[in-house]
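J.: only geometry, no sequence info:
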């Protein structure tokens, strides 16, 4: 069974902390994504990566960075957490080179910044 | 740019009622269209997809037809169950990279 695994289901951090959200996929997918989900706003793309060490900004990259050192792992970094980054974060992966494939999602990390 | 608009929720129905969730899209080319479902406490999972005009995607009793002339991909089910309570997302993709999502529609089914 294909799997995208996020390291934490729930996380509570303090304002100003550096926060790492980790995501691992076991499907050898080239593309990986980080979204945040907020009520009334749906899913908004933060960053995506189409290869190791490659990254592209999504719609809301401010306050975030990412790291992709290995194909299976994609990390989202909050450089200095703020309360407006309290949200559900969803990681996804998708095969490249084949049109029309779907994305596979992790279970999400609910982050609370206090 | 590309976008997806879906009906706002929440939608509340009684068990065995007919369901329609409207979805329209804007795209420059010929996108693939998806419906994803998110059950409480979980991530998103693919419900169905369609890759070209007039294609019908179907799964678990849900159906949606790719209508290029009306740029729509409405989700339907003939008889909903309590277990269908979830958030439903319409989405599109024009290539191999990112997928663009609508804002989601929360569905409540009453027994």
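T.: Yep, that arrived. Being a predicted model, the structure only gives us computed values, none of them experimental. Numbering: from 1, shown residues only, chains lettered A, B, ... in the order given.

J.: from now on I want contacts and neighbour counts done on CA atoms only, so please keep to that.
T.: OK.

J.: quick one: low-confidence parts of chain B?
T.: B:96 (pLDDT under 70).

J.: which bits of it sit near chain A?
T.: Counting by Cα under 8 Å from any Cα of the partner chain, chain B comes close to chain A at B:32, B:34, B:41-46, B:51, B:93-99, B:101-104.

J.: going by neighbour count, which of those residues are buried?
T.: B:32, B:34, B:42-46, B:51, B:93-99, B:101-104 (16 or more other Cα atoms under 10 Å in any protein chain shown).

J.: returning to what we had before: taking the residues of chain B next to chain A one by one, which sit in strands?
T.: Here DSSP state E is the test, and the residues of chain B next to chain A give B:32, B:34, B:45, B:46, B:93, B:101 as lying in strands.

J.: distance to residue A:98 added to the residues you listed, as a markdown table?
T.: Shown next, in a markdown table, are those (distance: Cα to Cα, whole Å):
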| residue | distance to residue A:98 |
| --- | --- |
| B:32 | 12 |
| B:34 | 16 |
| B:45 | 19 |
| B:46 | 17 |
| B:93 | 12 |
| B:101 | 20 |
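
J.: and which of these is nearest to residue B:67?
T.: Ranked by distance to residue B:67 (Cα to Cα), those are led by residue B:32 at 11.5 Å.

J.: is that closest one in a bridge, and if so with what?
T.: residue B:93 (DSSP bridges).

J.: okay but it is in contact with residue B:92, surely?
T.: Yes - between residue B:32 and residue B:92 there is a contact under Cα atoms under 8 Å: 5.6 Å.

J.: next, count neighbours for residue B:28.
T.: 9 (other Cα atoms under 10 Å in any protein chain shown).

J.: which residue, other than its chain neighbours, is closest to it?
T.: Once flanking residues are discounted, residue B:28 sits nearest to residue B:2: 6.9 Å by Cα to Cα, 6 or more residues apart in numbering or on different chains.

J.: before we move on, what about residue B:4?
T.: For residue B:4, the closest residue by Cα to Cα, 6+ apart turns out to be residue B:25, at 4.4 Å.

J.: right, I'll leave it there.
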